[in-house]
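Student: predicted coordinates and the sequence they were generated for:
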Amino acid sequence: MVAPRSLIVLLSSLLSGLPLVSPISADRASAAECMALEDFARGRVGEFPPDWKPRKDEGRSVYSIGGEAGRRFLHAASRGLGIQAGREVTWDLETYPILAWSWRPVEFPKGSDERKSRTNDSAVSVYAVFPGSLGSVKSVKYVWSPIVPVGTHLTSSAGNTQVRVLRSGPDQAGQWVEERANVRQDYQEYFGVDKAPKPAGIAVLTDSDDTKSSAQGDYANFRACKP
């Protein structure tokens, strides 16, 4: 896993280094009740996705656009690395409180357990990122763990990252699974506030640095949806 303030550095650099990216038009959304945030239709297969930024340049070797059966997605392959990639994109949580996406773990890092700092690696994880104070960011992180029970709540980055295990176990490895998470509700509960701010972006992390192993996973079809 990367250093505690890594996600703060990543999204702070995004917010200062890139022009504001608005959500993709609702005309391209996958359903009437959703707004597309990222479908990886831009860019060529095999290249690092446009509008995304890695925390470190080495992350460009971890993430690349993939394509199969008419689906575009972000493929991640980590060999002893733990580097996030993120995209600045914003939407209205009052109207669209649900973050939806598809993901599939391809290779779980050997011996990973997100509850322990020395084994805190994941095949796939997704962040909803929010602006914090003094240039920092806060995030809600969703994890597919090989062993940590579903519903487990963890924290990292001095409490700025609140982690929720959405799925557990390797039984569906290699299969696409559709996910939906109520980001507004999770932010309010985990950070103890009555109203969540507007998101600043989304990020992903496929990492294997703590276990000194390898990990692979895929991400697709990020949307903001109505309840």
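Tutor: Thanks, I have it.
Student: the residue nearest to the spatial centre of the chain sits in which helix or strand?
Tutor: Geometric centre of the chain, nearest residue: Val126, 2.1 Å, by CA atoms, centre = their mean. Assigned by DSSP states H and E, Val126 falls within strand 124-131.
Student: ditto for Arg184
Tutor: Per DSSP H and E: helix 183-191 holds Arg184.
Student: list the helices and strands the helix or strand that that helix is followed by packs on?
Tutor: Next helix or strand after helix 183-191 toward the C-terminus (DSSP H and E): strand 201-204. When contacts are defined as 3 or more CB pairs under 8 Å, 6 or more residues apart in numbering; DSSP states H and E, strand 201-204 packs onto helix 6-17, strand 85-88, strand 124-131. Glycine gets a C-beta too; all of them are placed from N, C-alpha and C.
Student: OK, contacts around the spatially closest residue to Val193 that is not a sequence neighbour?
Tutor: Among residues not flanking Val193 along the chain, Tyr187 sits closest, at 7.4 Å (CB to CB, 6 or more residues apart in numbering). The contact partners of Tyr187, taken as CB atoms under 8 Å, 6 or more residues apart in numbering, are Ala128, Phe130, Lys138, Val140, Gln162, Val193, Ala196.
Student: buried among those? Make that a PyMOL selection.
Tutor: For the buried members of those, the matching PyMOL selection, counting by 16 or more other CB atoms under 10 Å, is:
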select buried, resi 128+130+138+140+162+196
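Student: what's the angle between the longest strand belonging to the chain and helix 183-191?
Tutor: In terms of residue count, the longest strand belonging to the chain (DSSP state E) is strand 214-225. Inter-element angle recorded for strand 214-225 and helix 183-191: 110 degrees (by axes from the mean of the first three to the mean of the last three CA atoms, to 10 degrees).
Student: can you list the strands that strand 214-225 pairs with?
Tutor: Sheet partners assigned to strand 214-225 using DSSP bridges are listed as strand 34-38 (antiparallel), strand 71-79 (antiparallel), strand 98-107 (antiparallel).
Student: just put those strands in JSON lines and tack on mean neighbour count.
Tutor: Formatted as JSON lines, those follow (neighbours: other CB atoms under 10 Å):
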{"stretch": "strand 34-38", "mean neighbour count": "22"}
{"stretch": "strand 71-79", "mean neighbour count": "21"}
{"stretch": "strand 98-107", "mean neighbour count": "21"}
